[in-house]
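*Asks:* Pasting the sequence and the predicted coordinates here, then a few questions.
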Amino acid sequence: MKFYPLKLAPVLKSAIWGGKSIPETFGIGEKGQSVAEAWMMTDREDGVNLIENGAYTGMSLDEYIKQAGSENVYGEGTFPLLIKIIDAADKLSVQVHPDNAYAASHGLDAGKTEMWYVLSAKEGASLVSGLREGVTPQALKESALDGTCENNLNYVPVKKGDCFYIPAGLVHAIGEGILIAEIQQNSNTTYRLYDYDRVGADGKKREIHIDKAAEVVKTQFDMSGVTVGKEVYDKNGIKTAILCKCDYFSVMRMNLEKNVSAAFAEKGALYGGQRIFKVRRREVSVYQGQLISAAEGVSDGRDVRRRGRRDNCELLK
């Protein structure tokens, strides 16, 4: 089995709130196409990436993992992450996700803790992160039933570069005009509390899950072991920050000035924009919206270098 940096073809998803920013900004999909989500790294029954480069071009990620052995790609158990780009041309439903304990007791694949990194946001954009102070799950449920749910939500203004930790149980909603990179547990379970009485493509109101949502809503969270938005290094043209670190994932941002090289000492995934990197003496182009999965033996302890360019560069790892 050959191990090299894998370029993964995104899996595109549509929704009534999706826009055209993903094709326009990242060249993913067709020009003018409405894309709600681009699943950049996924190994699920409802979406799996195909490999776009090297000896395994055209092979699905799940088949690659079967042949390579999960221990040589990500470790034990099921594939741990789902990584997306989300284009909210319209606001998303007010929603909440279950935790691992609820998922296990209800036959679900996993809980869903996630993080958001704001790639762009229109002026005045905001999102929902949690409830207003003093609002109880029961009060939230009642407001969802009588249509006053929005009065109980905590709205937060957002701008490019903001980062949000969304633990399972936190009520949340992405607002209109926001483009987000989402890193999450590998689950697609969402319970909608409120959806503004919108109808889907079938002309019917979209399904609401008020009872299930009320069962999993939390108002207090254990933040021990969680780091959000911590600058860790600023020297010699390199700035790094921990965007979000928790039990399920760790996401770092690295900003490189022109003609600067850097190294990753751990295997993982890279996200960049129209840049060329060297991974173990291999040159790898990383275009906007593309994701490189570094399998065991590729970047572990090896340099990932950026060739000299005339501009600066930002990477998420």
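*Replies:* Noted; the coordinates are in hand. Numbering: from 1, shown residues only.
*Asks:* Flag the shaky bits of this structure, pLDDT-wise.
*Replies:* Scanning the chain with the threshold set as pLDDT under 70 gives 258-313.
*Asks:* 80 - rerun?
*Replies:* The chain contains residues with pLDDT under 80 at 4-5, 201, 236-237, 256-317.
*Asks:* So which residue is smack in the middle of it?
*Replies:* Nearest to the mean C-alpha position of the chain, by CA atoms, centre = their mean, lies E182 at 1.7 Å.
*Asks:* Please, which helix or strand holds the closest residue to that one other than its chain neighbours?
*Replies:* The shortest distance from E182 to any non-neighbouring residue, by CB to CB, 6 or more residues apart in numbering, is to K84 (4.5 Å). The C-beta positions use only the backbone N, C-alpha and C, and glycine is treated the same way. Using DSSP states H and E, K84 sits in strand 81-88.
*Asks:* which helices and strands sit right next to whichever helix or strand comes after that strand?
*Replies:* Next in sequence after strand 81-88, counting helices and strands by DSSP H and E, comes strand 94-96. Applying 3 or more CB pairs under 8 Å, 6 or more residues apart in numbering; DSSP states H and E, one finds that strand 94-96 contacts strand 172-173, strand 191-194, helix 210-216.
*Asks:* among those, which is nearest L145?
*Replies:* When those are compared by CB to CB, helix 210-216 sits nearest L145, at 6.4 Å.
*Asks:* and the residue lying closest to K212 once chain neighbours are set aside, what does it touch?
*Replies:* Spatially, and ignoring its direct neighbours in sequence, K212 is nearest to Y191 (4.7 Å; CB to CB, 6+ apart). Y191 sits next to Q95, V96, H97, P98, H209, K212, A213, V216 when contact means CB atoms under 8 Å, 6 or more residues apart in numbering.
*Asks:* For P23, state which of those is nearest.
*Replies:* Using CB to CB, Q95 is the member of the contacts of Y191 that sits closest to P23, with 25.2 Å.
*Asks:* So what pairs up with that closest one in the strands?
*Replies:* When bridges are called by DSSP bridges, Q95 pairs up with H172, R192.
*Asks:* Against A213, how distant is it?
*Replies:* 7 Å (CB to CB, to the nearest Å).
*Asks:* which of the two has more neighbours?
*Replies:* A213 (24 against 20; other CB atoms under 10 Å).
*Asks:* need the contact list for that one.
*Replies:* By CB under 8 Å, 6+ apart, the neighbours of A213 are Q95, V96, K141, A144, Y191, R192, L193.
*Asks:* what touches both of Q95 and A213?
*Replies:* Y191, R192, L193.
*Asks:* thinking again about what came up before, how much space separates the residue nearest to E182 from L256?
*Replies:* K84 sits 25 Å away from L256, taking CB to CB as the criterion.
*Asks:* do I178 as well
*Replies:* I178 sits 26 Å away from L256, going by CB to CB.
*Asks:* Of those two, which one has the most company?
*Replies:* The neighbour comparison of I178 against L256 (other CB under 10 Å) goes to I178, with 26 against 22.
*Asks:* Could you measure from the more buried one over to V118?
*Replies:* I178 is 6 Å from V118, where distance means CB to CB.
*Asks:* anything in contact with each of these two?
*Replies:* V158.
*Asks:* And the contacts of stretch 223-235?
*Replies:* With CB under 8 Å, 6+ apart, stretch 223-235 has contacts from 115, 163-165, 167, 239-247, 252.
*Asks:* residue contacts, G169?
*Replies:* V96, H97, P98, D99, V216, V217, K218, F221.
*Asks:* Looking at those residues, which two lie furthest apart in space?
*Replies:* P98 and F221, at 14.1 Å, using CB to CB across the contacts of G169.
*Asks:* Compare these two (neighbour count), which wins?
*Replies:* P98 (25 against 14).
*Asks:* roughly how far apart are the closest residue to that one other than its chain neighbours and D109?
*Replies:* Nearest residue to P98 in three dimensions, chain neighbours excluded: V216, at 4.4 Å (CB to CB, 6+ apart). According to CB to CB, V216 stands 15 Å off from D109.
*Asks:* who has more neighbours, those two?
*Replies:* More neighbours surround V216 than the other of V216 and D109, with 24 against 15 (other CB under 10 Å).
*Asks:* My guess is the more buried one contacts H97. True?
*Replies:* Yes. Using CB atoms under 8 Å, V216 is in contact with H97, at 7.2 Å.
*Asks:* Now do the shared contacts for the two.
*Replies:* What both V216 and H97 touch, as defined by CB under 8 Å, 6+ apart, is the set A168, G169, Y191.
*Asks:* all helices in this protein, in order from the N-terminus.
*Replies:* Per DSSP state H, the chain carries helices over the ranges 21-26, 61-68, 100-105, 137-146, 210-216.
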